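>>> This is a predicted model, with the sequence first.
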Amino acid sequence: MEIKILEERIYHWLDERLGLAPLIEWSKHKMVPVHRHSFWYYMGGIALIFIITQIVTGMLLMVYYIPDLKSAHSSILNINSQIDFGWFIRSLHAWGANLLILALFFHFFSTYLMKAYRPPREITWWTGLYLMGLVLAFGFSGYLLPWDQVSFFATKVGMDTALRIPLIGHQISTLLIGGSTLSQETLSRFFTLHVVVFPFLLLPVLGIHLLLIQIHGTSAPPWFKKLPQPQQIYEKFFPNFILKDFMGWMVVLNILAILATIYPTGVGPEAQPFQPAPRGIKPEWYFLAPYQFLKLFPGNIGPFQGEQVAMLIMALVPLSVILIPFWDTGVSVKRSKIATYYGVFLILAFIILTIWGYFS
Amino acid sequence: MNYPVWVVPILGGGWVIGIIAIIHVFISHFAVGGGAFLAVTEQMAYKRQDNRIYDYLKKHSLFFLLITTVLGVVLGPGIWWSISLVSPNTTELVIQQYTLIWAFEYVVFVCELATFFVYYYTWDRISQRLHLRLAWLYLGISLFTLFTINGMLTFMLTPGKWLITHQWWDGYFNPTYWPSNFLRLVIMFGLAGMYALITSSRLKDEDLRTHMLKYSARWLLPVFFLGPIIGYWYFLNVPQAAINTIFTGIHSSGVGNFSILARALYLSVILSGTILIFTFVGPYLNPKGFSLKAAILFLVFGLIVTGVSEWTRELLRKPYVVYGYMYSNSLLKSQVQQVNQTGYLNSAHWALATLGNNPTPLQTGAMVFRFQCMSCHTTKGYRGMDKLIGQRDLNGIKNLLKTLQQTDPSKNPYSGIMPPLVGKPNEIDALAMYLNTLEIPAPPGEGKTQ
């Protein structure tokens, strides 16, 4: 009983200063559809908890990481072998990055197939795509920082690929590398991007994305909306859905902890830029699909370079998903079906190319 | 050092024991904690004369019966079967030291089973008052099984004065006997609550469902509030060398065997904390949204916590199986000097008979590996020698084995986690030759070596 009185006092104190009552009242009216695909609604929340994990563990790693060519690798070794809990924090960060991207893929494909891009949620959709691109950029920039053989040469392969982007490839590559080869300038730029620029670009848009979700509510798939009213079941966002979201967070954080402790992240030998690249160097799993796609093209196709043609084709994928809200607005059944088939095709292509890339 | 040496490829014999034991612990703890749950809940139903709770208990007790008697009884002998194959010497030692205790345990266990069958089959056949007494009787007997077997389990980590006196009484009431009893007891209450969440989540009556879910969730409170205090008491009595190994893992590399104990402990703490939050935001705060699927997921996490915690306890014993007395490969600590002089294979029963006359060095090396290393290592797989040997050539392997022969911790960094390697120089050379034949996997980023 005394705890209840204490709870009420704390609530009143906060309410007087923050005006919580209308917010809580509003959130109580927010409803979440309950159907057989409700599971996918948790993916956004899961991605959010991984973003928070990355921020916290990233800040802790920054305390000991030195973005200097002579010290970067040894500082990672120091974190892994000398600093209390260092290897654990680093493993959480490395595994967290992979799980974040995995959760985002699930979030992206599930919202796509549930047609969550349709009006009035176009801006939510675009901000989501922006955040996903940014998270992939986080992954790419963070990968180089340990400055070991694998990260060095994998980044080099990535930058060589970027160089072949038609028209702007050279500019992009020079801007990121800071010269013609990977050096101190590259490390400094990647570090700055990873810990300053990208977070600065991410946080405000993430705020807008979350705000828009609150404004428009959770999107229900088209078939759900067609159900007779009594069969359309909803649950309260607060507290019911948010408490289940919490449980989902606990599950995924446990998976993260299990991976980090059972398969801790190691560090390879220090990068030797003048040595030949080790055999079998491949990008991280989330870049394997484009990597494999590029390999499918011959050196030249008519007057054009094969890789450049491949890149142009690949560029159509982000372009199409950006434009899809204009094309499939929910009015045409035919367009809706085509959009669904296209989504399924993208999922299959991504999975097949990733597996193919892994084993090739 | 006794035959049979049981070869389990990839997984290793230790994991066969581990898997059976972890599931068995998960079930046997329910047998005690669930007994407390049945007694306390039936007392509540009796006091309130609430038939809805009685109906719930009847269904819950069927679930209890199936889990504890059917699965528990199958897995118990499974442990005996696997430990006698992986570590016959340890099994022999524990049986010989505690023959009477085992006999007592067996009698108590039979009584426990009989009482529960009577309890289950007398629902609605005897008075409520008498049935309630049966519930409490079952709890009393099941507590006896815990207190009985716990002495022998804790003896292996903290044999205490037994190392000097060799009196069973000293080994049985060892330094961690009481803290372990209480720690297991609160864990058992927690597991009882987790199992009850499964049966409660299936209730149709919404009011009763909410009530039972919240009630079941409260059974996890003792383990989270008393568990850390009792855990601290337990660790105060664990050998200092084992505690040091934990700290080695905290402030050294997370990759490798030195950190394994710290890693296991991290997981145990993190997963336990998760279950606490899960209980609070799930069945306690949001009973309506707590489905059977969530309850099963919850139980899976409970199983993982139990597994990891038991694994941690096992790891604490390293490099021994009976701390300070018998190493994990069944070599007695007191035998090291002698075996180095007489030869390892001469001391290992059946080894020479298996080898036959004039074995090649490779055959000798394989036999030394099988008898001396295989209780913890596999050639390829869990703690696989192919990975542990890495890029070492024959000389590198010989140097490593030379280090492993040292008993002085300052000369052998592995001494806290591995028994010293023993044997005559020709046996050690043969082992090195054998290990050198194992195919070495490519290191990350180096491409394939072959």
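Sure thing, it's come through.
>>> which non-adjacent residue is nearest residue B:235?
Nearest residue to residue B:235, sequence neighbours excluded (Cβ to Cβ, 6 or more residues apart in numbering or on different chains): residue B:243, at 6.7 Å. Backbone N, C-alpha and C define where each C-beta goes, glycine included.
>>> so the one you found makes contact with residue B:234?
No: the criterion here is Cβ atoms under 8 Å, and residue B:243 misses it with residue B:234 at 11.2 Å.
>>> Looking at the two, which is more packed in?
Neighbour comparison, residue B:243 and residue B:234: the larger count goes to residue B:234, with 22 against 14 (by other Cβ atoms under 10 Å in any protein chain shown).
>>> can you give me the helices in the stretch 201-350 of chain B?
Here the stretch 201-350 of chain B has its helices, by DSSP state H, counting those that start in this stretch, at B:206-218, B:221-225, B:227-236, B:240-250, B:260-279, B:292-316, B:336-342, B:344-347.
>>> In contact with residue A:325, which residues?
With contact set as Cβ atoms under 8 Å, 6 or more residues apart in numbering or on different chains, residue A:325 has these partners: A:117, A:118, A:119, A:121, A:122, A:125, A:126.
>>> How about the residues of chain A by chain B?
Within reach of chain B by Cβ under 8 Å from any Cβ of the partner chain, chain A has these residues: A:80-88, A:90-91, A:148-150, A:153, A:235, A:239-241, A:243-244, A:246-247, A:250-251, A:253-254, A:257-258, A:261-262, A:264-266, A:268-269, A:278-281.
>>> which ones among those residues are found in strands?
residue A:235 (DSSP state E).
>>> Just the buried residues out of the residues of chain A next to chain B, in ChimeraX syntax.
Isolation of the buried members of the residues of chain A next to chain B (16 or more other Cβ atoms under 10 Å in any protein chain shown) is achieved in ChimeraX through the command below:
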select /A:80,81,83,86,87,88,90,91,148,149,150,153,239,240,241,243,244,246,247,250,251,253,254,257,258,261,264,265,266,268,278,281
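>>> just for the chain, where's the confidence low?
You didn't say which chain, so I picked chain A. Within chain A, the set of residues satisfying pLDDT under 70 comprises A:1.
>>> You answered for a different chain; I wanted chain B.
Counting by pLDDT under 70, the ranges of chain B that qualify are B:1-5, B:250-258, B:440-450.
>>> Can you check which helix is longest in it?
If you go by DSSP state H, chain B has its longest helix at helix B:13-48.
>>> ok, then the element right after it?
Heading C-terminal from helix B:13-48, the first helix or strand you meet, by DSSP states H and E, is helix B:51-65.
>>> May I have that following helix as CSV, with CA atoms only?
Extracted as CSV, the C-alpha positions of helix B:51-65 are listed here (Å, rounded to 0.1, in the frame of the first residue of the first chain):
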residue,chain,number,x,y,z
ASN,B,51,-13.0,-24.7,-5.9
ARG,B,52,-11.5,-22.8,-8.9
ILE,B,53,-8.1,-23.1,-7.4
TYR,B,54,-8.7,-26.7,-6.6
ASP,B,55,-9.6,-27.4,-10.2
TYR,B,56,-6.5,-25.6,-11.4
LEU,B,57,-4.3,-27.6,-9.0
LYS,B,58,-5.7,-30.9,-10.3
LYS,B,59,-4.7,-30.0,-13.8
HIS,B,60,-1.3,-28.6,-12.6
SER,B,61,-0.6,-31.7,-10.7
LEU,B,62,-1.1,-33.9,-13.8
PHE,B,63,1.5,-31.6,-15.6
PHE,B,64,3.7,-32.0,-12.6
LEU,B,65,3.3,-35.8,-12.6
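>>> Contacts only, for residue B:260.
Going by Cβ under 8 Å, 6+ apart, residue B:260 touches B:249, B:315, B:417.
>>> distance of the closest residue to the first one other than its chain neighbours from residue B:242?
Yep, that's residue B:249 we're talking about. For residue B:249, the nearest residue in space outside its immediate sequence neighbours is residue B:262; the separation is 2.5 Å by Cβ to Cβ, 6+ apart. Noted for residue B:262: a distance of 12 Å to residue B:242, by Cβ to Cβ, to the nearest Å.
>>> Quick check, central residue of chain B?
By Cα atoms, centre = their mean, the mean C-alpha position of chain B lies nearest to residue B:310, the distance being 3.9 Å.
>>> Packing partners of the helix or strand encompassing residue B:83?
With elements delineated by DSSP H and E, residue B:83 resides in helix B:72-86, which encompasses its position. Contact analysis of helix B:72-86 by 3 or more Cβ pairs under 8 Å, 6 or more residues apart in numbering or on different chains; DSSP states H and E lists helix B:13-48, helix B:88-97 as its packing neighbours.
>>> hey, which of the ones you listed is tucked in deepest?
Across the helices and strands packed on helix B:72-86, the average number of neighbours (mean count of other Cβ atoms under 10 Å in any protein chain shown) peaks for helix B:13-48, which reaches a mean of 21.
>>> if we can go back for a sec, for chain A, see how far away the residue nearest to the centre of chain B is.
As for residue B:310, its distance to chain A is 16 Å (criterion: Cβ to the nearest Cβ, to the nearest Å).
>>> mind listing what's buried in stretch A:284-291?
A:284, A:286, A:287, A:288, A:289, A:290, A:291.
>>> Turn these into TSV, including distance to residue A:76.
Rendered in TSV, the data for the buried residues of stretch A:284-291 read as follows (distance: Cβ to Cβ, whole Å):
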residue	distance to residue A:76
A:284	17
A:286	22
A:287	22
A:288	24
A:289	28
A:290	27
A:291	25
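>>> Go through those residues and flag which are in helices.
Secondary structure of these is defined by DSSP H; positions in helices are A:288, A:289, A:290, A:291.
>>> Confirm for me that the last one is in contact with residue A:281.
No: the pair residue A:291 / residue A:281 is not scored as a contact, 10.5 Å apart, by Cβ under 8 Å.
>>> for the strand or helix carrying residue A:132, which positions count as buried?
Assignment of secondary structure by DSSP H and E places residue A:132 within helix A:122-144. Of the residues in helix A:122-144, those with enough neighbours to count as buried (16+ other Cβ under 10 Å) are A:122, A:124-132, A:134-135, A:137-144.
>>> Whichever helix or strand residue A:4 is part of: how far from the chain's middle?
Secondary structure assignment for residue A:4, by DSSP H and E: helix A:2-18. Centroid separation between helix A:2-18 and its chain, computed with Cα atoms, centre = their mean, to the nearest Å, is 37 Å.
>>> and that helix, what other elements does it pack with?
Counting contacts by 3+ Cβ pairs under 8 Å, 6+ apart, the secondary-structure elements packed against helix A:2-18 are helix A:20-29.
>>> roughly how far out does the helix it packs on sit from the chain middle?
For helix A:20-29, the separation from the chain centroid amounts to 30 Å (computed by Cα atoms, centre = their mean).
>>> tilt between that helix and helix A:2-18?
Helix A:20-29 and helix A:2-18 meet at an angle of 110 degrees, taking axes from the mean of the first three to the mean of the last three Cα atoms, to 10 degrees as the criterion.
>>> What strands line up against the helix or strand following helix A:20-29, and which way round?
In the C-terminal direction, the helix or strand that comes right after helix A:20-29 (DSSP H and E) is strand A:31-34. When pairing is defined by DSSP bridges, strand A:31-34 lines up against strand A:233-236 (antiparallel).
>>> So which residues make contact with the partner strand?
Under Cβ under 8 Å, 6+ apart, the answer for strand A:233-236 is A:28, A:30, A:31, A:32, A:33, A:34, A:35, A:241, B:289.
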